[in-house]
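A.B. asks: I would like the atomic coordinates for the input below:
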Amino acid sequence: MTPKASRRKARKRLSTTSGRVRKEFTYRGYTVAELTEMPLWPTEENPDSPSVITLLPSRARRSIARGLSIENEHFLERVRSSTGRTIRTHRRDMPILPEFVGKRIAIYNGLKFVELDIAPEMIGHYLGEFGQTRHSVAHSGPGVGATRSSKHVALK
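C.D. replies: Numbering: from 1, shown residues only. I've put the predicted structure just below:
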């Protein structure tokens, strides 16, 4: 085999998905495993140690610091004790924490439950951002009951 052909073969092998090296996800410099081991709040004995709340964006940090509602606390306990089944919830105002990663959550959008697999990239966002409540309408042509003027369709 010529050197050019061997380089081409190596390039082709690397272009396949199995040949590529998958980069590990990090959130603000920490892997998902490190984030799940971190405490939610800074500890009193070591206040400078990193905690999940110090890494979250300001809106999520403020909503957690002001105290989660009773319903959100209940939802957090349900997520922590879940065994793999889908967790259905109406709590759209709950920030996604690292302990949610890998869980399957169904969020109510006002009409139905939208199922999500929580990915590491979703940390810090709110559950409601992933269950869209509005959708675009695709109108068809004029139908029964349309007025005479709106029934007219141009030939060009």
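A.B. asks: where does the closest residue to residue 120 other than its chain neighbours land on pLDDT?
C.D. replies: Nearest residue to residue 120 in three dimensions, chain neighbours excluded: residue 25, at 4.4 Å (Cβ to Cβ, 6 or more residues apart in numbering). Where C-beta positions appear, they are placed from N, C-alpha and C, glycine not excepted. Residue 25 carries a pLDDT value of 89.
A.B. asks: who are the contact partners of residue 25?
C.D. replies: Neighbour list for residue 25: 31-32, 120-121 [criterion: Cβ atoms under 8 Å, 6 or more residues apart in numbering].
A.B. asks: tell me the one among these nearest to residue 50.
C.D. replies: Set against residue 50, the nearest of the contacts of residue 25 by Cβ to Cβ is residue 31 (12.5 Å).
A.B. asks: identify the bridge partners of the closest one.
C.D. replies: Beta-bridge pairing for residue 31 (DSSP bridges): residue 26.
A.B. asks: relative to residue 102, how far out is it?
C.D. replies: Distance check for residue 31 against residue 102: by Cβ to Cβ, to the nearest Å, it reads 14 Å.
A.B. asks: same check on residue 72?
C.D. replies: Residue 72 is 20 Å from residue 102, where distance means Cβ to Cβ.
A.B. asks: more neighbours: which of the two?
C.D. replies: Neighbours around residue 72 and residue 102, counted as other Cβ atoms under 10 Å, are more numerous at residue 72. The numbers are 18 against 12.
A.B. asks: so the more buried one makes contact with residue 90?
C.D. replies: No. Contact between residue 72 and residue 90 fails when scored by Cβ atoms under 8 Å: they sit 10.8 Å apart.
A.B. asks: ok, and the closest non-adjacent residue to the residue nearest to the spatial centre of the chain?
C.D. replies: Nearest to the geometric centre of the chain sits residue 122, at 3.4 Å (Cα atoms, centre = their mean). Leaving aside its chain neighbours, residue 122 sits nearest to residue 96 (4.8 Å; criterion: Cβ to Cβ, 6+ apart).
A.B. asks: what do you get for residue 75?
C.D. replies: The shortest distance from residue 75 to any non-neighbouring residue, by Cβ to Cβ, 6+ apart, is to residue 91 (4.8 Å).
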